[in-house]
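Asks: I'd like to go over a predicted model; first the sequence, then the structure.
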Amino acid sequence: MISQVPAVTYAVSLARTRRFVTPLGTVSVHHVQPTFFFGFEDAGQAGGRLATPEKALVDSLYLTSARSRLFHALPELEWPRTFSVRRARAIIERIQPERRRTLVRRRLDELLERRRRQR
């Protein structure tokens, strides 16, 4: 959902949060709860699995609410035509604890409002 090539590739995992620097780039892996580890599709010929656009955005918002404030600003966000607000909201409802769920819901609402104003 971004048009720029990122300096860091972010991934969610059940593993501990850590950062890997490789000749191909930097990968930053972030821990999520097992109940929140879902929402992936096959990546095609490249192999592996990628988050759906809805899950990728919600994961970013989930990580924003952490102390690090990672992804606090998403100025280059591009909304694919296939993006489903309903699916994103359903993903948010699976977030525990409730406080974090509320923060993520509020942040999504802010992004949707900004998108509406830009149209």
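Replies: Cool, got the structure. Model, not experiment: these values are computed from the prediction.
Asks: what ranges does this structure have for its strands?
Replies: In order along the chain, the chain carries the following strands (DSSP state E): 8-13, 18-22, 25-31, 40-42, 49-51.
Asks: redo those strands as JSON lines? Include distance to Glu98 and mean pLDDT.
Replies: (C-beta placed from N, C-alpha, C; glycine too.) Written out in JSON lines, the entries for those read as follows (distance: least, C-beta to C-beta, whole Å; pLDDT from 0 to 100):
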{"stretch": "strand 8-13", "distance to Glu98": "20", "mean pLDDT": "91"}
{"stretch": "strand 18-22", "distance to Glu98": "28", "mean pLDDT": "95"}
{"stretch": "strand 25-31", "distance to Glu98": "19", "mean pLDDT": "93"}
{"stretch": "strand 40-42", "distance to Glu98": "25", "mean pLDDT": "91"}
{"stretch": "strand 49-51", "distance to Glu98": "23", "mean pLDDT": "90"}
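Asks: adding mean neighbour count and distance to Leu61, write these out as a markdown table.
Replies: Listed next are the strands of the chain as a markdown table, based on neighbours: other C-beta atoms under 10 Å; distance: least, C-beta to C-beta, whole Å:
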| stretch | mean neighbour count | distance to Leu61 |
| --- | --- | --- |
| strand 8-13 | 15 | 12 |
| strand 18-22 | 10 | 21 |
| strand 25-31 | 15 | 13 |
| strand 40-42 | 12 | 17 |
| strand 49-51 | 14 | 12 |
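Asks: got CSV for these, with distance to Glu110 too?
Replies: Putting the strands of the chain into CSV (distance: least, C-beta to C-beta, whole Å) gives the following:
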stretch, distance to Glu110
strand 8-13, 20
strand 18-22, 28
strand 25-31, 21
strand 40-42, 26
strand 49-51, 21
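Asks: Val12 against Ser60, yeah?
Replies: No: under the criterion of C-beta atoms under 8 Å, Val12 is not in contact with Ser60, lying 9.7 Å apart.
Asks: in the protein, which helix is the longest?
Replies: As far as residue count goes, and with DSSP state H defining each element, the longest helix of the chain is helix 98-118.
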